[in-house]
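Participant: I need the structure of the sequence given here:
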Amino acid sequence: MRKKVILVCEECLSRNYETTKNPQKDGQRLEIRKYCPKCKKHTIHKETK
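Facilitator: The predicted structure follows:
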């Protein structure tokens, strides 16, 4: 079953995106480079707890 996760900008710590992941396949935390509207540039977004 897929799990809902929230992505946080590494620079400004704003919670911008929600996505899903399969915890059985991906045991590690998700890291995606996405656009942050607050920073107005592409930054690394990490999965929160």
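Participant: So what pairs up with the spatially most central residue of the chain in the strands?
Facilitator: Per CA atoms, centre = their mean, the C-alpha nearest to the average position across the chain is that of residue 7, at 2.4 Å. Residue 7 has these beta-bridge partners by DSSP bridges: residue 17, residue 47.
Participant: Surely it and residue 32 touch.
Facilitator: Yes: assessed by CB atoms under 8 Å, residue 7 is found in contact with residue 32 at 6.5 Å. Every residue, glycine included, has its C-beta placed from N, CA and C.
Participant: Next, show the common contact partners of the two.
Facilitator: Listed as contacting both residue 7 and residue 32 by CB atoms under 8 Å, 6 or more residues apart in numbering are 19, 45.
Participant: in this protein, which spans are strands?
Facilitator: Along the chain, the segments classed as strands by DSSP state E run 3-9, 15-21, 31-36, 41-47.
Participant: Output the ones you listed in a markdown table; the columns should cover mean pLDDT.
Facilitator: Formatted as a markdown table, the strands of the chain follow (pLDDT from 0 to 100):
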| stretch | mean pLDDT |
| --- | --- |
| strand 3-9 | 95 |
| strand 15-21 | 94 |
| strand 31-36 | 96 |
| strand 41-47 | 96 |
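Participant: burial of the closest residue to residue 18 other than its chain neighbours, as a residue count?
Facilitator: Leaving out its chain neighbours, the residue that sits closest to residue 18 by CB to CB, 6 or more residues apart in numbering is residue 6, at 5.6 Å. The tally of other residues near residue 6 (other CB atoms under 10 Å) stands at 14.
Participant: Number the chain from 332, please
Facilitator: Right, with 332 as the first residue, what we last looked at is residue 337.
Participant: hang on, residue 337 packs against residue 346?
Facilitator: Yes: taking CB under 8 Å as the definition, residue 337 is a contact partner of residue 346 at 5.4 Å.
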